[in-house]
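Asker: everything below, folded, please.
(chains A, B, C and D)
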Protein chains: 2
Amino acid sequence: MDRPAAEAERPAYHHGDLRRTLFDAAIALIEEQQNWDFSLRELARRAGVSHNAPYSHFASKSELLAALATAGFEMLSEVMAQAAAAAPGPDAAYTAVGEAYVRFGRAHPGHYRLMFRSASISMDNSATEPLMRAAHAAKRVMSNVVLEGARAGVFAIDPEDQAAIELAVLGCWSSGHGLTMLFLDKMLGEVSASQPERVISKIVRAELEGLRRR
Amino acid sequence: MDRPAAEAERPAYHHGDLRRTLFDAAIALIEEQQNWDFSLRELARRAGVSHNAPYSHFASKSELLAALATAGFEMLSEVMAQAAAAAPGPDAAYTAVGEAYVRFGRAHPGHYRLMFRSASISMDNSATEPLMRAAHAAKRVMSNVVLEGARAGVFAIDPEDQAAIELAVLGCWSSGHGLTMLFLDKMLGEVSASQPERVISKIVRAELEGLRRR
DNA sequence: ACCTGAACACCGTTCAAGT
DNA sequence: ACCTGAACACCGTTCAAGT
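Answerer: Next comes the predicted model:
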């Protein structure tokens, strides 16, 4: 009665895929509660195992969180890369990536927040390196979109000027990240909140104009 | 020995200004740890009172956090208003406010994060209304700067078009908030992180160009 | 290798009681 | 009105033990 039904299908002692089960349950909890304040004991309860079983798969709560954040950045990279690949040119690629980015954040509020928070939290455990790599890879996808536009002569940036590219990417990222966070934190007035797609589209396009005229 | 020295100066039982003491100690803890995971009991220990004394002044931890966030938005409003008032015109006002905004966030990382997080957390307690008012007031300061520029004809926006003003403010806010958060979350590459002032200035000015040419 | 159960040192919050 | 102390139902983490 105090064990989830799904557990009945699994062997009683050796779970088989507890790591994945915990991982998925953690994501579910994070999205339900919009934060990562869930307890490891609650997580174990949901997975139908003892409160200590998680420690067989994750050294600590913060290491689990870092692993979740890493997976989040990988998902985001994938989403952005697909948006870019499907676009016919630099302008379309930029808007598609920008809109996909904000859409991802709004679709996974707790997870998105965790991704950014945990990069500055878990500066100690072994899960940090893959996290940083995943975050860097995501940024790389954005950089490539800007770089393509610069090389094509569509954006007014010298593709060889690394500092200029870096700055342009940071500007776009700031705009998209800020907009996403303001949405998640319910900081938008009714006007903007009632037409999210329109607002997102306009702000992404305004940033694109900045790239073209820089 | 387990009580802070400052406590010796105060009356033993009735503290006198415990609310303020707790408030200040909470801010200190938040800035030390870059989060608000401190325990109410630790807070009470720092103030030299029993672990329940805080409940005489705050209904719960989340109400204390909401009060802190409210004060944070008031500080931010003040900082922005002063930056705007000291500027000779709309362009200078915009860059001064933008740079002051990011500087505030970087100077108070834990507090800044809390301000934005608690607006979406404490949707239940009585401290929510003042919080929302303070957040709205801060946004108002930004809006006024954009509105002034529009009225002066310096920014390419119709000052009577409320939706356009709203959108322009949201764009600027997203950019500044995103940049601030990326800084706090250590998401910037070495290049940007090593010259923060320069990067901030460039990104604020790029956003200003967007306003002028809109 | 993977999991359990008892144990430790914590929490937030409540409640009855003191000043 | 403001504060204390005991109590309750939790935590994360460790450790010895089971399968």
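Asker: can you tell me the element the closest residue to chain B within chain A falls in?
Answerer: Taking Cβ to the nearest Cβ, chain B has its nearest neighbour within chain A at A:Gly178, 2.7 Å off. (Glycine included, C-beta is placed from N, CA and C.) Taking DSSP states H and E as the definition, A:Gly178 sits inside helix A:162-184.
Asker: residue contacts, the residue of chain A closest to chain B?
Answerer: B:173-181 (Cβ atoms under 8 Å, 6 or more residues apart in numbering or on different chains).
Asker: helix or strand next in line after the helix holding A:Gly178, which one?
Answerer: Note on helix A:162-184: by DSSP H and E, the next helix or strand toward the C-terminus is helix A:190-194.
Asker: what is the subsequent helix or strand relative to the helix-or-strand element of chain A with minimal mean pLDDT?
Answerer: Lowest on mean pLDDT, DSSP states H and E among the helices and strands of chain A sits helix A:190-194, with a mean of 85. Following helix A:190-194 in sequence order, the next helix or strand is helix A:196-213 (DSSP H and E).
Asker: neighbouring contacts of that next one?
Answerer: Counting by Cβ under 8 Å, 6+ apart, A:91, A:94-95, A:98-99, A:102-103, A:106, A:146, A:149, A:154-157, A:168, A:171-172, A:175-176, A:179, A:183, A:188, A:192, B:167, B:170-171, B:174, B:206-207, B:209-210, B:213-214 sit against helix A:196-213.
Asker: buried ones among these?
Answerer: A:91, A:94-95, A:98-99, A:102-103, A:146, A:149, A:154-155, A:157, A:168, A:171-172, A:175-176, A:179, A:183, A:188, A:192, B:167, B:170-171, B:174, B:206-207, B:210 (16 or more other Cβ atoms under 10 Å in any protein chain shown).
Asker: pLDDT score for the residue of chain A closest to chain B?
Answerer: If you check A:Gly178, the pLDDT there is 98.
Asker: next one: A:Ala6
Answerer: 37.
Asker: cool, the one 10 residues further on as well?
Answerer: According to the per-residue confidence, A:Gly16 scores 74 in pLDDT.
Asker: what's the answer for A:Ala119, then?
Answerer: 86.
Asker: neighbours around it, how many?
Answerer: By other Cβ atoms under 10 Å in any protein chain shown, the residues close to A:Ala119 number 22.
Asker: let's see whichever strand or helix holds it as CSV, backbone CA atoms only.
Answerer: Per DSSP H and E, A:Ala119 falls inside helix A:109-121. Only the C-alpha atoms of helix A:109-121 are listed here, as CSV (Å, rounded to 0.1, in the frame of the first residue of the first chain):
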residue,chain,number,x,y,z
PRO,A,109,10.9,25.1,-15.5
GLY,A,110,12.3,23.3,-12.5
HIS,A,111,14.9,21.4,-14.6
TYR,A,112,15.9,24.6,-16.5
ARG,A,113,16.5,26.5,-13.2
LEU,A,114,18.5,23.6,-11.8
MET,A,115,20.7,23.5,-14.8
PHE,A,116,21.9,27.0,-14.2
ARG,A,117,21.9,26.9,-10.5
SER,A,118,23.9,23.7,-10.1
ALA,A,119,26.8,24.9,-12.2
SER,A,120,27.6,27.3,-9.3
ILE,A,121,26.5,25.0,-6.6
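Asker: if I look at the closest residue to A:Thr21 other than its chain neighbours, how far off is A:Asn125?
Answerer: Nearest non-adjacent residue to A:Thr21, counting by Cβ to Cβ, 6 or more residues apart in numbering or on different chains: A:Ala47, 4.9 Å away. Between A:Ala47 and A:Asn125 the computed distance is 21 Å (Cβ to Cβ, to the nearest Å).
Asker: the helix holding A:Ala119 vs helix B:162-184, what angle?
Answerer: 40 degrees (axes from the mean of the first three to the mean of the last three Cα atoms, to 10 degrees).
Asker: show me what helix A:109-121 is packed up against.
Answerer: Secondary-structure packing of helix A:109-121 (3 or more Cβ pairs under 8 Å, 6 or more residues apart in numbering or on different chains; DSSP states H and E): helix A:18-33, helix A:61-86, helix A:128-151, helix A:162-184.
Asker: so of the ones you listed, which one's packed in deepest?
Answerer: Among these, helix A:162-184 has the highest mean neighbour count (mean count of other Cβ atoms under 10 Å in any protein chain shown), at a mean of 23.
Asker: is stretch A:21-39 anywhere near DNA strand C?
Answerer: No: using Cβ under 7 Å from any atom of the strand, we find that stretch A:21-39 stays clear of DNA strand C, coming within 8.7 Å at best.
Asker: for that stretch, give the mean pLDDT please.
Answerer: 97.
Asker: okay, that stretch in CSV with CA atoms only?
Answerer: What follows is stretch A:21-39 as a C-alpha-only set of coordinates in CSV (Å, rounded to 0.1, in the frame of the first residue of the first chain):
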residue,chain,number,x,y,z
THR,A,21,14.1,5.1,-11.9
LEU,A,22,15.5,7.5,-9.3
PHE,A,23,16.6,9.8,-12.1
ASP,A,24,13.2,9.9,-13.7
ALA,A,25,11.4,10.2,-10.3
ALA,A,26,13.7,13.1,-9.4
ILE,A,27,12.8,14.9,-12.7
ALA,A,28,9.1,14.3,-12.0
LEU,A,29,9.4,15.8,-8.5
ILE,A,30,11.4,18.8,-9.7
GLU,A,31,8.8,19.6,-12.3
GLU,A,32,5.9,19.0,-9.9
GLN,A,33,7.3,21.3,-7.3
GLN,A,34,9.3,23.7,-9.5
ASN,A,35,12.3,23.3,-7.2
TRP,A,36,14.7,20.6,-6.0
ASP,A,37,13.7,20.8,-2.3
PHE,A,38,12.4,17.2,-2.5
SER,A,39,14.0,14.9,0.0
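Asker: now check it, is it near DNA strand D?
Answerer: Yes: if you take Cβ under 7 Å from any atom of the strand as the test, stretch A:21-39 does meet DNA strand D, through A:38-39.
Asker: and for stretch A:61-74?
Answerer: Yes: if you take Cβ under 7 Å from any atom of the strand as the test, stretch A:61-74 does meet DNA strand D, through A:61-62.
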